[in-house]
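Undergrad: Quick one: sequence and predicted model below, then my questions.
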Amino acid sequence: MESTEHLHRQIEGLEDLRTIVKTMKSLSAVSIRQYEQAVEALGHYYRTVELGLQATLGPMARPRTQRRRRGESPRSAVIVFGSDHGLCGRFNEEVSTRALERARTELAGSGWHRVLVVGALAAASLEEAAQPLEEILPAPGAASRITATVQQMLVRVDAWRSRDGVDNVYLFYNQPRARSGYRTTEEKLLPVDVDRLRRVEEERWPSRSLPFFTMDPWRLVAALLRQYIFVSLFRACAASQASEHSSRLAAMQAAEKNLDEHLEEVITTYRRVRQAAITTELLDVVAGFEAVSGDGGE
């Protein structure tokens, strides 16, 4: 039987651990909201950029796609969004597995010449699967740091396109579900789906004033496309961070439940052991009293 001192130390340790878990729950809940607000705010800007592309692409001819030499396969690059910290379930493993599965099936013919990873743990999962990585970026610790991370990614994407001749860029990230949890998402960043933008063109313009522009159309489209890519990367990064904290919140809720159950068991055991010790002491006192009383009677 365990001693009351040992059980008391266990109770104190479990209570300290429960305090840490509650703090992490609170931090995750606050973090989820700030990333959700960042995505919501970006949605209006995304719509503005989309309308700008709709207005500029309408009167322009369909852009020509870059053609490769015969027998030369297209080159692809990948950006995988993960986390730097654990305690978030299989968050990093799932997004890494999805990226690797995609690489070994539909994109196997193109070859993944460049892989950039956001988050040390996602990078570790990919390296464990023998996937070479070009660069690892730290995950932004707050919504205010996403812009700096996206700017680093934009520099890398520009280098892929201009220096390495990369044709396709894919994003892999976890996206929050409507109620709880997340789903792993794949998004094609480049080349931009012009057909989808032309479908947007068929929508009714939101005002009576038709748009017009005076600057060079190709320069305007290039500027808008850069903003379009920026928004896509920002949105993927923010969604990944929100999913990370959502997964951590769920893990902490499960941990708190297990801790409460275990703490209740230990407290029950502590009370039983303490009661048994008190009963034993009382019996010893009674036995001693009876022994003393018996000696006095003789």
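TA: Received the coordinates, thanks.

Undergrad: how about low-confidence regions in this structure?
TA: Applying pLDDT under 70 to the chain flags the ranges 1, 58-73, 106-112, 194, 197-198, 200-202, 294-298.

Undergrad: Helix or strand: which one has the spatially closest residue to Leu133 that is not a sequence neighbour?
TA: Closest residue to Leu133 apart from its sequence neighbours, by Cβ to Cβ, 6 or more residues apart in numbering: Val115 at 5.1 Å. Backbone N, C-alpha and C define where each C-beta goes, glycine included. Assigned by DSSP states H and E, Val115 belongs to strand 112-118.

Undergrad: Please apply the same query to Gln227.
TA: Using DSSP H and E, Gln227 maps to helix 217-297.

Undergrad: swap in Pro132?
TA: Pro132 belongs to no helix or strand, assigned by DSSP H and E.

Undergrad: If you drop the residues flanking it in sequence, what lies closest to it?
TA: With sequence-adjacent residues excluded and distances taken as Cβ to Cβ, 6+ apart, Pro132 is closest to Val115, at 6.8 Å.

Undergrad: Please apply the same query to Ser96.
TA: Ser125 (3.8 Å).

Undergrad: burial count for the one you found?
TA: Burial measure for Ser125: 22 neighbouring residues, criterion other Cβ atoms under 10 Å.

Undergrad: Mind splitting the chain into its structural domains?
TA: 4-24+252-287, 29-61+71-204+211-251 (automatic domain parsing).

Undergrad: Need those domains in a markdown table (columns: distance to Ser293).
TA: Below are the domains of the chain laid out as a markdown table (distance: least, Cβ to Cβ, whole Å):
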| stretch | distance to Ser293 |
| --- | --- |
| domain 4-24+252-287 | 10 |
| domain 29-61+71-204+211-251 | 62 |
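
Undergrad: ranking those by burial, who's on top?
TA: Across the domains of the chain, averaging neighbours per residue (mean count of other Cβ atoms under 10 Å) puts domain 29-61+71-204+211-251 on top, at a mean of 17.
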